[in-house]
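Undergrad: give me a 3D structure for the following:
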Amino acid sequence: MFDDFYGLQAKPFQLTPDPEFYFESLTHRKALSYLGYGLAQAEGFVVITGEVGAGKSTLVAYLMATIDPSRMTVANVVTSALDGEAIVHVVAQAFGLPVAGHDKASALGAIEAFLHAEARLGRRCLLIIDEAQNLAVGALEELRMLSNFQLGSHPLLQTLLLGQPEFRDTLMHSDQLEQLRQRVIATHHLGPMEREEVQAYIEHRLLRAGWKGNPGFDPAVFAAIYEATGGIPRRINQIVSRLLLLGAVDQRTSIDSAMLHQVLGEMSDDGSLALVTQKPQAEAAPAAPAAVEQPAGTGAPSASPVPLAGIDAAAATALIEKALADRDARIRELEQAVLELAAAAQAHEAAGAQQQDSHARVDDLEARLAEASDHAAKLEARLDEQQRTLRHTLTMLIEWIESGDGQREAA
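TA: Numbers count the residues shown, from 1 in each chain. Now for the predicted structure:
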């Protein structure tokens, strides 16, 4: 309906994959590069995963449109829950092979004979398995076994596996798929489009359908569509298709935010779109900062808790200056310990040259070195704890002041 109203020559946002409308986003460009590399190897498995509607099938359809059928024979399988024996028969059917009976051995024999015949004709064979997350582990193992077919030293079959994110997890973590993992030569996870790509994607598909600027789009609509879809192409197609339908019904020449809001409300009500939004967390009222205590185990005298809610700006400044002064004192102690350690090490080295005459001095120097090293380590630990205390104190002060209590106390 809306294609006639807006003078479009095709449906630009249909949900079925169409290589004519392929849009090369950043993530699709990377996936295509991995696919090209994988296919150039002419063996093993190539794995592409992505969320539902991310464009996996469209990507593969675009790739297949560029393949010369005189050089490569392609079979495409969209799987349901198949076991090891069923997948063999499905693959045979995908290559157009009649199999006498329903036994697995006959199907395997037909597949091997077909692959050999294609190789002698100079054609490679590619098997595409879509929705691979539905396959049982046994079926994946059968696919691996099919990759063993060779003519001399040349593999006869290459397999492209497409699946949702859970398939990636299965492939990576199943202890039964180690041999299959070793034969994966390229893999890529197809992510959503970037925010700035959404407008280009929508306009690209409209232009492919003959769009000449009618309808126009308010720029704010593109950002809102990204927020509602998370950059998933199929969800974008759903929303824009409904927007164009609403525009045609209302005879609108411009798509604005009010129309988008109406469409999102309708789609949310009828359950046709899972909105990708984040619920803002409820803002909690700022609480009064807790008392800051000296950490235990620092070796420094224990200090009484400092109630921040009762101090003014001058007292806060004094507290910070005292903490900084304590930190500087710890640094100076640590520096002195390091100097003593270095001196002890030099003395130890000098004593080593006269070891025959002064074994007692060496033992004494080693003991002093160990003592200085232990002292330095303790000082460094105390310095670290002092810095953590300072950071905590500063954080509490900043939160207290920014909450407005600090300004009220100072006033």
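
Undergrad: let me see the mean pLDDT of stretch 13-25.
TA: Average pLDDT, stretch 13-25: 89.

Undergrad: which residues touch it?
TA: The contact list for stretch 13-25 (Cβ atoms under 8 Å, 6 or more residues apart in numbering) reads 10, 12, 28, 32, 57-62, 64-65, 193-194, 197, 200-201, 204-205, 208, 233-234, 236-238, 240-241, 244. Where you see a C-beta, it was placed from the backbone N, CA and C, and this is true even at glycine.

Undergrad: buried subset of those residues, written for PyMOL?
TA: With 16 or more other Cβ atoms under 10 Å as the criterion, this PyMOL line picks the buried residues out of the contacts of stretch 13-25:
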select buried, resi 12+28+32+57+58+59+60+61+62+64+193+197+201+204+205+208+233+234+236+237+238+240+241+244
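
Undergrad: list the ones among the contacts of stretch 13-25 that fall in strands.
TA: Among the contacts of stretch 13-25, none falls in strands (DSSP state E).

Undergrad: so Ile232 makes contact with Thr27?
TA: No. Taking Cβ atoms under 8 Å as the definition, Ile232 is not a contact partner of Thr27, at 11.1 Å.

Undergrad: find residues that contact each of these two.
TA: Shared contacts of Ile232 and Thr27 (Cβ under 8 Å, 6+ apart): 192-193.

Undergrad: tell me the phi and psi of the residue nearest to His116 when sequence neighbours are not counted?
TA: Nearest residue to His116 in three dimensions, chain neighbours excluded: Leu151, at 5.9 Å (Cβ to Cβ, 6 or more residues apart in numbering). With angles defined as degrees, to the nearest 10, Leu151 sits at phi -120, psi 100.

Undergrad: kindly report the same for the one 10 residues further on.
TA: According to degrees, to the nearest 10, the main-chain angles of Leu161 amount to phi -110, psi 120.

Undergrad: what's around Thr187, how many residues?
TA: 18 (other Cβ atoms under 10 Å).

Undergrad: and the helix or strand encompassing it, what's its mean pLDDT?
TA: For Thr187, the host element (DSSP states H and E) is strand 184-190. Taken as a whole, strand 184-190 has a mean pLDDT of 92.

Undergrad: other SSEs contacting that strand?
TA: Judged by 3 or more Cβ pairs under 8 Å, 6 or more residues apart in numbering; DSSP states H and E, the packing partners of strand 184-190 are helix 26-41, strand 45-50, helix 165-173.

Undergrad: quick one: Pro69 from Leu121, how far?
TA: Going from Pro69 to Leu121 by Cβ to Cβ, to the nearest Å gives 12 Å.

Undergrad: show me the domain layout of the protein.
TA: Following automatic domain parsing, one finds the domains of the chain at 26-190, 195-270, 308-410.

Undergrad: okay if I get those domains as CSV plus distance to Pro17?
TA: CSV is the format used below for the domains of the chain (distance: least, Cβ to Cβ, whole Å):
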stretch, distance to Pro17
domain 26-190, 4
domain 195-270, 10
domain 308-410, 52
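
Undergrad: where along the stretch 1-150 of the chain do the helices fall?
TA: With DSSP state H, counting those that start in this stretch as the criterion, the stretch 1-150 of the chain has helices at 2-5, 26-41, 56-65, 84-94, 104-120, 137-146.

Undergrad: still on that earlier bit, now do the buried residues in the strand holding Thr187.
TA: In strand 184-190, counting by 16+ other Cβ under 10 Å, buried: 184-190.

Undergrad: give me whichever of the helices and strands packed on strand 184-190 is most buried.
TA: Of all the helices and strands packed on strand 184-190, strand 45-50 carries the top mean neighbour count, a mean of 25, counting by mean count of other Cβ atoms under 10 Å.

Undergrad: for it, packing partners?
TA: Using 3+ Cβ pairs under 8 Å, 6+ apart: strand 45-50 touches helix 26-41, helix 56-65, strand 157-163, helix 165-173, strand 184-190.

Undergrad: and Val46, bridged to which residues?
TA: On the basis of DSSP bridges, Val46 is bridged to Leu160, Ala186.

Undergrad: test my guess that it contacts Leu32.
TA: No. Using Cβ under 8 Å, Val46 makes no contact with Leu32, being 11.5 Å away.

Undergrad: hang on, the earlier thing: columns distance to Val99 on top of the helices and strands packed on strand 45-50, output as a markdown table?
TA: Below are those laid out as a markdown table (distance: least, Cβ to Cβ, whole Å):
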| stretch | distance to Val99 |
| --- | --- |
| helix 26-41 | 27 |
| helix 56-65 | 25 |
| strand 157-163 | 17 |
| helix 165-173 | 27 |
| strand 184-190 | 28 |
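
Undergrad: quick check: end-to-end length of stretch 73-86?
TA: 22 Å (Cα to Cα, to the nearest Å).

Undergrad: would you mark the buried spots in it?
TA: Across stretch 73-86, burial judged by 16+ other Cβ under 10 Å covers 73-77, 79, 82, 84, 86.

Undergrad: again with stretch 259-276
TA: Buried residues in stretch 259-276, counted by 16+ other Cβ under 10 Å: 259-260, 263-264, 267, 273.

Undergrad: secondary structure and pLDDT added to those residues, as TSV?
TA: Shown next, in TSV, are these (DSSP: H, G, I helix; E, B strand; the rest coil; pLDDT from 0 to 100):
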residue	secondary structure	pLDDT
Met259	helix	95
Leu260	helix	95
Val263	helix	93
Leu264	helix	92
Met267	helix	87
Leu273	coil	61
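
Undergrad: kind regards, and thank you for your time.
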